[in-house]
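A.B. asks: A structural model of the following input is requested.
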Amino acid sequence: MKALAGLAGGLLAAAQANVDAIAAEMRAVTTTEDILTNRLDDMRSQHRRDIWTNIVPLDILQHIFEQCTISSAEIVENFGLELPAYTQAAAPFAIATTCSHWRSSSTCDATPLDVYLHAPLDISLYFADYEDNPSGLGTIIDALTAHATRMRSFELWLPYKYSGAINLDQLKAPTPLLERCCIIGQHSESDEDERRNWGFYFAHAPKLQWLEMRYVKISCSPLPYRFENLRDLLLWGTYPEEHVRRLATASSTTLQRLVMTECHQSQQCVSLQNLTVLRVYEVPPLVHLRFNAPRVHSLELKASILVRGLAPFLNQFVDRVTTLTVSGPHIPEHCLDVLQAWYNIENLICEEGNDTADWDSFFGHLAESPSVWPKLCCIRSDEGTGTQLRDGLVKLVHARSASVTEGDATENPPRPAKLVQVDIADSGAPA
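C.D. replies: Numbering: from 1, shown residues only. Sure thing, here's the model as predicted:
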């Protein structure tokens, strides 16, 4: 019996070993099956991706990518204005992070992301609303201007009370791609030597078209130097005569618009043969002897300077100016006497009236003077001027609303032209 029991135990142990071996093999088969299933799923997914890639060619994917983004050219289309385009500039980067497929498509040549990484820079820094000096502002500006050779547009508005020193020496280096530059600073006192030694900027800026500055110590070389494409020069605030003359002389052959807070009396006559728009706020005596602009047809002046002493300066434009822009209140009593010789005025633009009645009185006097501005046909005013326009404007509109007939043409003096447009920006204008 013991022998039989031992034999049976050996058989059971062998059977158990076989069962354990089979179970281990089944577990291995299950594991292998899971691995194969996962690999099959991966192959199916890759196959689906390959099908998608083959169905949608790469050039079509690139076109979709471009339609979902915005080009840098659109961002600076209206330079100097706040545009929502700035917030959309990150779109190419956001789409590129979706997956590797979009990433490979976005980094192909000539896509917006590739262009952003290698094309010109459009920089706009607006700190004008800050009351205090932002920490690290100088560091930010240094980091960005270090790429001056790639800048296409540069716009910097410093805080209202900013007292720190801003290093813009990078603009002394060649800026071959720079087209537009706007730097708005704050007033600070400086001695005479410092006012003369501002350094030489824009050593090579062949594409620069727009240059706007306020209280920024930037000038160009006094040596024979030319801006090849500069069309708009805007100098706000007080600038030393020497630097104004340098900039105006360097752009004399291309300049079309010039804005100066003060019209300086230079020791040399500056000839601006292509200038068509001129805006000045202060005109010193004898400046007409140092300034020659034979093609100006649009003149913008401050109302308070329209006095008889300005006549020598105005006389050089009397037969050419067709558009006159007058800004500010406090119109002098004899303003019409100063401007009555301007017989070619067709458009009058009134700005920054500060809600005073000066302009309404001016229009009333103009209504009683049919020989003044006989070609006037359009009047426009901004929001700061129209609130106080009343009877004076009504009289002017009535006086110049009649059409000129054939018989009227023989009158001496002839009847003034008919007003065809009166655009008042305020609801306070008469109906």
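A.B. asks: my guess is A367 contacts A399. True?
C.D. replies: Yes. Counting by CB atoms under 8 Å, A399 is a contact partner of A367 at 4.3 Å. Where C-beta positions appear, they are placed from N, C-alpha and C, glycine not excepted.
A.B. asks: stretch 332-343 spans what distance, first to last residue?
C.D. replies: One end of stretch 332-343 to the other measures 20 Å (CA to CA, to the nearest Å).
A.B. asks: I meant stretch 362-374, not that one.
C.D. replies: Span of stretch 362-374 from end to end, CA to CA: 16 Å.
A.B. asks: so how far is it off the chain centroid?
C.D. replies: Put simply, stretch 362-374 sits 38 Å off its chain's centre (CA atoms, centre = their mean, to the nearest Å).
A.B. asks: phi, psi of the closest residue to V372 other than its chain neighbours?
C.D. replies: Leaving aside its chain neighbours, V372 sits nearest to Q340 (4.5 Å; criterion: CB to CB, 6 or more residues apart in numbering). Backbone torsions for Q340, taken as degrees, to the nearest 10, come to phi -70, psi -20.
A.B. asks: how many residues are close by Q340?
C.D. replies: Q340 has 14 neighbours, counted by other CB atoms under 10 Å.
A.B. asks: and if you look at R380?
C.D. replies: Neighbour count of R380, defined by other CB under 10 Å: 17.
A.B. asks: hang on, it packs against D423?
C.D. replies: Yes. Between R380 and D423 there is a contact under CB under 8 Å: 4.3 Å.
A.B. asks: what about the helices in the stretch 251-400 of the chain?
C.D. replies: Secondary structure of the stretch 251-400 of the chain (DSSP state H, counting those that start in this stretch): helices at 311-314, 335-339, 358-367, 391-399.
A.B. asks: let me know the pLDDT of R279.
C.D. replies: R279 carries a pLDDT score of 88 in this model.
A.B. asks: grab the nearest non-local neighbour of it.
C.D. replies: E300 (3.6 Å).
A.B. asks: list the residues that contact the one you found.
C.D. replies: For E300, the contact set (CB atoms under 8 Å, 6 or more residues apart in numbering) comprises 259, 277-280, 324-327.
A.B. asks: mind listing the strands for the stretch 251-400 of the chain?
C.D. replies: For the stretch 251-400 of the chain, the strands defined by DSSP state E, counting those that start in this stretch cover 257-262, 270-271, 277-282, 291-292, 298-302, 323-327, 347-351, 378-381.
A.B. asks: and the contacts of the last one?
C.D. replies: Under the criterion CB under 8 Å, 6+ apart, residues 346-351, 353, 359, 389, 396, 419-426, 429 lie in contact with strand 378-381.
A.B. asks: ok so, going back, need the contacts of E300 in JSON lines with neighbour count, can you?
C.D. replies: Compiled in JSON lines, these are given as follows (neighbours: other CB atoms under 10 Å):
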{"residue": "V259", "neighbour count": "16"}
{"residue": "V277", "neighbour count": "20"}
{"residue": "L278", "neighbour count": "21"}
{"residue": "R279", "neighbour count": "18"}
{"residue": "V280", "neighbour count": "20"}
{"residue": "L324", "neighbour count": "21"}
{"residue": "T325", "neighbour count": "17"}
{"residue": "V326", "neighbour count": "24"}
{"residue": "S327", "neighbour count": "19"}
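A.B. asks: what sits against the closest residue to K395 other than its chain neighbours?
C.D. replies: Distances taken as CB to CB, 6+ apart place A367 nearest to K395, at 4.0 Å, with adjacent residues excluded. Going by CB under 8 Å, 6+ apart, A367 touches 392, 395-396, 398-400.
A.B. asks: need the longest helix for this protein.
C.D. replies: The residue-count maximum for a helix in the chain (DSSP state H) belongs to helix 2-55.
A.B. asks: run the chain-centre distance for that helix.
C.D. replies: In terms of CA atoms, centre = their mean, the centre of helix 2-55 is set 70 Å apart from its chain centre.
A.B. asks: and the average pLDDT for that helix is what?
C.D. replies: Averaged across helix 2-55, the pLDDT comes to 82.
A.B. asks: same for the helix or strand following it, what does it pack against?
C.D. replies: Using DSSP states H and E, the helix or strand that follows helix 2-55 towards the C-terminus is helix 58-67. On a contact count with 3 or more CB pairs under 8 Å, 6 or more residues apart in numbering; DSSP states H and E, helix 58-67 meets helix 100-106, helix 112-118.
A.B. asks: one step back: of the contacts of strand 378-381, keep whichever come out buried.
C.D. replies: 347-351, 353, 359, 389, 396, 419, 422, 424-426, 429 (16 or more other CB atoms under 10 Å).
A.B. asks: on that earlier part again, could you tell me the least trusted of the helices and strands packed on helix 58-67?
C.D. replies: Among the helices and strands packed on helix 58-67, helix 112-118 has the lowest mean pLDDT, at a mean of 56.
A.B. asks: just checking, what packs against the helix or strand just after that one?
C.D. replies: Using DSSP H and E, the helix or strand that follows helix 112-118 in sequence is strand 121-126. Strand 121-126 sits against helix 137-145, strand 151-157, with contacts defined as 3+ CB pairs under 8 Å, 6+ apart.
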